[in-house]
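Enquirer: Let's see this in three dimensions:
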Amino acid sequence: MFLIDENIKRLIISKSIELGFVKIGLAKAEILNDESEKLNSWLNNGHDADMKWIKNGFDKRKDISLIVPDAKTVISLAYNYNTPFTHNEKLPKISRYAWGKDYHKIMKHKLQDLCKFIEIMNDNNVISCKYYVDDGPVMDKIWAKKAGIGWQGKHTNIINPEYGSWIFLCEIITNLDCNVYDKPIEDLCGSCRICIDACPTAAIVDEYQLDSNLCISYQTIENKGDIPDYIDLNGWIFGCDVCQDVCPFNHNNIITNDKSFYPKQEIFNKTKAELDNITETEFNDIFKNSPVKRTKYKGWKRNVYCHSRESGNPNVNI
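Expert: Coordinates of the predicted model:
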């Protein structure tokens, strides 16, 4: 039987590093009973806001074999996106992950290459691989945790001791069995609660518990209606990095080698007036290969308007 042993694992790791991934780990594909119970509790508390796709994909998130029936192994990977640039705190801010090109497209090309590399290892063509980049009914953070990529911090993001949380997560689900699985690493958050105390909207309602309804990232990206008057965007117009900016593990400042994630000069550290004057045609052109396009032009205009408001909200329906 063809399986992932030390030699095969070494080859997969070598190829993933060649493709630019900074961390890789392997976890046994299994039903996530405990994790799905916690997810169900989170959903029952309404912390998903109106992101109904999370509940709709619940069964697959719990049992990955509903995605890949003969799944044996989940290969979790991390890609560093930290850049040497910083915000001007007096200007409208965009989350670091969305400064450059769309990570979904970049990661998918790399995962496609890695899957091909794995699949041709066996001449019998019995190897199958399916990959996801934060775009399917898969609990990316849980698999990253199980594969030893990092631990889930109190802000709910995965933290790697070396790279902090400035990492994109993705995974490959394969029918290859394995005898060299990785182990979870220690949670090093300890008694630290810097991220909880720093959250501008108190969205981290408890350790390891995030209420999306209060989260600036949710409000500026996923919310398709009005941003409630009680939400102060704290200067953000797409996403929010506060809980990550303050994390001690993000102070290692290891910079990515991939300049695809360097900021677009058309939108980085610009004034509110400059951003507000972007036309819909310009928006579509600037953000055609950017995560920012997810909010659409009406959402962009809403966010720019609301980023420094004292009260009130335009009647925007996206």
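
Enquirer: OK, contacts around the closest residue to Glu222 other than its chain neighbours?
Expert: Distance criterion C-beta to C-beta, 6 or more residues apart in numbering; nearest residue to Glu222, sequence neighbours excluded, is Met51 at 5.8 Å. Every C-beta, even on glycine, is put in place using the N, C-alpha and C of the backbone. Counting by C-beta atoms under 8 Å, 6 or more residues apart in numbering, Met51 touches Ser212, Tyr218, Glu222.

Enquirer: Could you report the separation of Met51 from Tyr79?
Expert: From Met51 across to Tyr79, the span is 24 Å (C-beta to C-beta, to the nearest Å).

Enquirer: In this model Asp245 seems to touch Pro200, though I could be wrong.
Expert: No - judged on C-beta atoms under 8 Å, Pro200 makes no contact with Asp245 at a distance of 11.3 Å.

Enquirer: Which residue of the two possesses the greater neighbour count?
Expert: Using other C-beta atoms under 10 Å as the criterion, Pro200 and Asp245 rank with Pro200 on top: 17 against 14.

Enquirer: May I have the secondary structure class of that one?
Expert: coil (DSSP: H, G, I helix; E, B strand; the rest coil).

Enquirer: Tell me who's in contact with it.
Expert: Pro200 sits in contact with Ile216, Asp232, Asn234, Cys240, Val242, where contact means C-beta under 8 Å, 6+ apart.

Enquirer: can you check Lys110 too?
Expert: Counting by C-beta under 8 Å, 6+ apart, Lys110 makes contact with Leu19, Gly20, Phe21, Tyr79.

Enquirer: Make JSON lines out of the residues you listed and add distance to Leu114.
Expert: As requested, the contacts of Lys110 are arranged in JSON lines below (distance: C-beta to C-beta, whole Å):
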{"residue": "Leu19", "distance to Leu114": "6"}
{"residue": "Gly20", "distance to Leu114": "11"}
{"residue": "Phe21", "distance to Leu114": "8"}
{"residue": "Tyr79", "distance to Leu114": "12"}
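
Enquirer: out of the residues you listed, who's nearest Asn40?
Expert: Tyr79 (29.9 Å; C-beta to C-beta).

Enquirer: Disregarding residues adjacent in the polypeptide, which is nearest to that closest one?
Expert: Among residues not flanking Tyr79 along the chain, Phe168 sits closest, at 4.5 Å (C-beta to C-beta, 6+ apart).

Enquirer: hang on, the one you found packs against Tyr97?
Expert: Yes - in this structure, Phe168 is within contact of Tyr97 by C-beta under 8 Å, at 7.3 Å.

Enquirer: which residues do the two both contact?
Expert: The contact sets of Phe168 and Tyr97 overlap at Tyr81, Tyr103 (C-beta under 8 Å, 6+ apart).

Enquirer: Give the rounded mean pLDDT of stretch 182-194.
Expert: The average pLDDT within stretch 182-194 is 98.

Enquirer: host element of Val205?
Expert: Element membership for Val205, per DSSP states H and E: strand 204-206.

Enquirer: ok, now His109?
Expert: Counting by DSSP H and E, His109 is part of helix 103-119.

Enquirer: Which residues are in contact with the nearest residue to Tyr131 once chain neighbours are set aside?
Expert: Closest residue to Tyr131 apart from its sequence neighbours, by C-beta to C-beta, 6+ apart: Leu111 at 4.0 Å. By C-beta under 8 Å, 6+ apart, the contact set of Leu111 is Leu77, Tyr131, Val133, Cys170, Ile172.

Enquirer: Hmm, Phe168 and Tyr103 touching each other?
Expert: Yes - using C-beta under 8 Å, Tyr103 is in contact with Phe168, at 5.0 Å.

Enquirer: Could you tell me which residues touch both of the two?
Expert: Jointly contacting Tyr103 and Phe168 under the rule C-beta under 8 Å, 6+ apart are Tyr79, Tyr81, Tyr97, Val133, Asp134.

Enquirer: Using pLDDT, spot the least trustworthy of these.
Expert: Scanning the shared contacts of Tyr103 and Phe168 for pLDDT, the smallest score is found at Asp134, 91.

Enquirer: That residue: neighbour count?
Expert: With other C-beta under 10 Å as criterion, Asp134 counts 15.

Enquirer: Contacts only, for it.
Expert: Counting by C-beta under 8 Å, 6+ apart, Asp134 touches Tyr103, His104, Asp140, Phe168, Leu169, Cys170.

Enquirer: For the fifth one, which non-adjacent residue is closest in space?
Expert: Excluding the flanking residues, the one nearest Leu169 by C-beta to C-beta, 6+ apart is Asp140, at 4.5 Å.
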